[in-house]
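>>> Sharing a model prediction with you, sequence too.
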Amino acid sequence: MENESHGMMWIFAGLNLIFLCCAGGLLFFLIFESYPIFKLQGFGFWLGQDWWVGEAYGALPMLYGSSLVTALACLLVLPLALAVAIFTSEFLTSTSRRCVKAVLELLAGVPGIVYGLLGVSFLSLWIKDVFGLLDGNTLATAGCLLAIMILPTVLTLSEDAMRAVPSEYRDNALGLGLSKWQVATAVVLPQAMPGIMGAVLLGIGRAMGETIAVMLVVGGLDRIPDPWFNIFSSAQTIPSKLGREAAESIGEATHWSALMALGLTLFIMVLLINFIGNRFLKRRSIS
Amino acid sequence: MSSTAFEKGMVVFLSILTLSVFSLLLIILATVFTKGLPALHWGFFIEASEDFGRAGGIFYQLVGTLILMAGAVLISLPVALGSVIYQTQYLKSETGKEICRQVAQMLNATPTILFGLVGYLFFGVYLETGVSWVTGSLILAVMILPTLQVSIREAIEALPDQYKDTGMALGLSPWSQIKTIIIPQCYYGIITGVFLGLARAAGETAAIMFAATTFSGIRLPESFSDPVPTLQTHMLVLTQEAANPETLAQAWGAGLVLLSLVFFLTVMAWILRSRLKMEAEL
């Protein structure tokens, strides 16, 4: 009996070790495989502007594309997240709020490839027509598509943040004679702000790593737009670069290593954003 | 103090904004349905795709997706269950628990394409599983690990302390407690996790597109080293050559099937969670 129990403990410990090894292995291989390119090019890898397979590998255009697309999605989502969170949390009845939440959580699971199909068949054509472009596959298209994609996740987390503010705050403020609008914007919103920021950051982390939808609408041009703020030009993000070139680079040592270094860069960026986002969310639950 | 005109105006403005956001999201859903429905007929589900996806059905793609999903959950479930049981029942150190939680969070946040790259390298090249459905299942298994863990952990942590106290007072060993208390009381968490994991695996494209799938040539895998066609990658290829209207119609049909599959699994997870949780609490 005692022995059996002891044996089972080791089995569970082993399974836990497998889980930890999955994460550790991921990080290890990303670093190990990208080592050759850093040895070859040093940190200039991040500053190089040209990506010619076999000659030079510069990550700057992809880094720039990823950052710009993500920033664009963030700019579009933030005001909407604020507005919708205030309204659903403070002005809707609890039944309709529950409906809204269920729909949002369901929509959060829509596969990226479905958004990709929508982007190709509608969004990129609209952007092409509305702005009179030659090609609808641009940074702006990718940014809009990502904004729509992360909207459900960000909205439901922001709403959670608003609801997490204790109801005594609302009652006290109402008792002091504040109107519902004043309660929502001057009492609840400041308290919920870190939580909403956390929600947006978690959404941004997801947007940054999205491959398929972005790959289909971003155009795939490895250069920084000219001028740099021209969001209506084709570009490339890190995941879209990986998705396009990974299959053909297998077996080509330097090329593969350069892609893995891009992957490592993406991994660090996403983890950083996520870490900050989680810090925000945690601060809310303590205060 | 009653609301001023400005405040009333702002509330109306917010309600319009909220309404438009929801209309947008619902219009997106409606679009997938209206675009996908014309492609759906009985034959679409039971025929093979023909003429490079322009005609025929998606039977083998659907089977491929189901194979990968099922493989992923079969591999992932024992690891998720075992690791959560270890963390909650055996691991005493708070630091150790916190590290495990952080690692799970990290794994959950990792961009899925990285699972594809590293998974292909580790499983496909080093363990020599090649481009095959086995590689795909292994990659997806790692990817859905945190999803399963969260559901199981929530169920175990929701268990009232008295259950554990009673078990200890009866002199049960940790393993007997797990066998007789934890698993019977928390199986709703396991089932919910399985469904959410299946849904997540079904919607994933980037992680498997170059490690597990093929567009044409193979229908059903005949050995462990065969790739499979899947709905996701089928859609990807059709979308990339989107110039042709018949091809696009097929892509929309496949999209609708995929979306329905994901929604069905998610809703099942919710229903089972609330139903079984009530039963467990009785």
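Sure, I can see it.

>>> can you give me the helices for the stretch 1-150 of chain B?
In the stretch 1-150 of chain B, the segments counted as helices under DSSP state H, counting those that start in this stretch are B:5-36, B:42-46, B:59-85, B:94-109, B:112-119, B:133-157.

>>> want to try TSV for these, with mean pLDDT and distance to chain A as columns?
For every residue, glycine as well, the C-beta is placed using N, CA and C. Shown next, in TSV, are the helices of the stretch 1-150 of chain B (pLDDT from 0 to 100; distance: least, CB to the nearest CB, whole Å):
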stretch	mean pLDDT	distance to chain A
helix B:5-36	90	4
helix B:42-46	82	17
helix B:59-85	93	3
helix B:94-109	92	4
helix B:112-119	92	4
helix B:133-157	93	5
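
>>> Take those helices and write them to JSON lines, including distance to A:Met215 and mean neighbour count.
Listed next are the helices of the stretch 1-150 of chain B as JSON lines, based on distance: least, CB to CB, whole Å; neighbours: other CB atoms under 10 Å in any protein chain shown:
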{"stretch": "helix B:5-36", "distance to A:Met215": "19", "mean neighbour count": "15"}
{"stretch": "helix B:42-46", "distance to A:Met215": "26", "mean neighbour count": "12"}
{"stretch": "helix B:59-85", "distance to A:Met215": "20", "mean neighbour count": "22"}
{"stretch": "helix B:94-109", "distance to A:Met215": "20", "mean neighbour count": "16"}
{"stretch": "helix B:112-119", "distance to A:Met215": "9", "mean neighbour count": "26"}
{"stretch": "helix B:133-157", "distance to A:Met215": "18", "mean neighbour count": "25"}
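
>>> ranges for the strands of chain A?
Ranges of strands within chain A are A:51-52, A:56-57, based on DSSP state E.

>>> pLDDT weak spots in the stretch 151-287 of chain A?
A:283-287 (pLDDT under 70).

>>> For the closest residue to A:Trp228 other than its chain neighbours, the count of nearby residues, please.
Once flanking residues are discounted, A:Trp228 sits nearest to A:Tyr64: 7.7 Å by CB to CB, 6 or more residues apart in numbering or on different chains. Counted by other CB atoms under 10 Å in any protein chain shown, the residues lying close to A:Tyr64 total 19.

>>> cool, A:Met215 as well?
A:Met215 has 27 nearby residues by other CB under 10 Å.

>>> Let's have the helices of the stretch 1-150 of chain B in CSV, adding distance to B:Lys164.
As requested, the helices of the stretch 1-150 of chain B are arranged in CSV below (distance: least, CB to CB, whole Å):
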stretch, distance to B:Lys164
helix B:5-36, 43
helix B:42-46, 48
helix B:59-85, 13
helix B:94-109, 16
helix B:112-119, 35
helix B:133-157, 10
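
>>> Which one, of those, ends up nearest to A:Gly7?
Across the helices of the stretch 1-150 of chain B, A:Gly7 has its closest neighbour in helix B:59-85 (13.0 Å, CB to CB).

>>> name the helices or strands packed onto that closest one?
helix A:2-41, helix B:42-46, helix B:133-157, helix B:183-202, helix B:231-240, helix B:245-281 (3 or more CB pairs under 8 Å, 6 or more residues apart in numbering or on different chains; DSSP states H and E).

>>> and of the helices of the stretch 1-150 of chain B, who's closest to A:Met197?
Nearest of these (CB to CB): helix B:94-109, 16.4 Å.

>>> on contacts alone, who are the packing partners of that closest one?
helix A:2-41, helix A:189-209, helix A:253-286, helix B:133-157.

>>> List the contacts of the residue nearest to A:Trp228.
Shown here is A:Tyr64, whose contacts under the criterion CB atoms under 8 Å, 6 or more residues apart in numbering or on different chains are A:224, A:228, A:235.

>>> The second one: how many residues sit nearby?
Same thing as A:Trp228. Residues near A:Trp228, counting by other CB under 10 Å: 9.

>>> now, of the helices and strands packed on helix B:94-109, which is deepest in the fold?
Of all these, helix B:133-157 carries the top mean neighbour count, a mean of 25, counting by mean count of other CB atoms under 10 Å in any protein chain shown.

>>> From A:Ala23, how far out is the closest residue to A:Gly198 other than its chain neighbours?
Using CB to CB, 6+ apart and skipping residues adjacent in sequence, the residue nearest A:Gly198 is A:Phe280, 3.2 Å away. Separation of A:Phe280 from A:Ala23 (CB to CB, to the nearest Å) stands at 23 Å.

>>> Name the nearest residue to the closest residue to chain B within the stretch 151-287 of chain A, sequence neighbours excluded.
The stretch 151-287 of chain A approaches chain B most closely through A:Gly209 (2.6 Å), counting by CB to the nearest CB. Take A:Gly209 and drop its neighbours on the chain: the residue closest to it by CB to CB, 6+ apart is B:Pro111, 2.6 Å away.

>>> Let me see the contact set for that neighbour.
Contacts of B:Pro111 (CB under 8 Å, 6+ apart): A:208-211, A:239, A:266-267, A:270, B:206.

>>> For it, grab phi and psi.
In terms of degrees, to the nearest 10, the main-chain angles of B:Pro111 are phi -60, psi 140.

>>> so who does the closest residue to B:Gly82 other than its chain neighbours touch?
Residue nearest to B:Gly82 in three dimensions, not counting chain neighbours: A:Leu15, with 2.8 Å by CB to CB, 6+ apart. Neighbouring residues of A:Leu15 by CB under 8 Å, 6+ apart: B:78-79, B:81-83, B:86.

>>> Tell me which stretches of the stretch 51-200 of chain A form helices.
A:60-90, A:94-107, A:112-118, A:124-130, A:139-163, A:167-175, A:180-182, A:189-209.

>>> So which of these is the most surrounded?
Among the helices of the stretch 51-200 of chain A, highest average neighbours (mean count of other CB under 10 Å) belong to helix A:112-118, with a mean of 27.

>>> just the CA coordinates of it, formatted as CSV?
Extracted as CSV, the C-alpha positions of helix A:112-118 are listed here (Å, rounded to 0.1, in the frame of the first residue of the first chain):
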residue,chain,number,x,y,z
GLY,A,112,-7.1,32.3,-37.4
ILE,A,113,-7.5,30.7,-40.8
VAL,A,114,-11.2,31.8,-40.9
TYR,A,115,-10.1,35.4,-40.2
GLY,A,116,-7.5,35.0,-42.9
LEU,A,117,-10.1,33.9,-45.4
LEU,A,118,-12.3,36.9,-44.4
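
>>> I would like the residues contacting it, please.
Against helix A:112-118 from outside (CB under 8 Å, 6+ apart): A:145, A:148-149, A:210-213, A:215-217, B:28, B:31-32, B:203, B:205-206, B:232, B:235-236, B:239, B:251-252, B:255, B:258-259.

>>> With distance to B:Lys92 as added columns, please give the helices and strands packed on helix B:59-85 in a markdown table.
Below are these laid out as a markdown table (distance: least, CB to CB, whole Å):
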| stretch | distance to B:Lys92 |
| --- | --- |
| helix A:2-41 | 12 |
| helix B:42-46 | 52 |
| helix B:133-157 | 16 |
| helix B:183-202 | 20 |
| helix B:231-240 | 43 |
| helix B:245-281 | 26 |
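
>>> and B:Gln61, which of these is closest to it?
helix B:231-240 (4.5 Å).

>>> what does the closest one rub up against?
So helix B:231-240 is contacted by A:111, A:113-114, A:116-117, A:120, A:212, A:216, B:49, B:53, B:58, B:61-62, B:64-65, B:203-205, B:208-209, B:213, B:215, B:247-248, B:250-251, B:254-255, B:257-258, B:261 (CB under 8 Å, 6+ apart).

>>> ok, now which ones touch B:Leu26?
Per CB under 8 Å, 6+ apart, neighbours of B:Leu26: A:Val103.

>>> cutoff 7 Å now
By CB atoms under 7 Å, 6 or more residues apart in numbering or on different chains, the contact list for B:Leu26 is empty.

>>> can you tell me how far it sits from A:Ser158?
19 Å.

>>> ditto for A:Asn274
16 Å.
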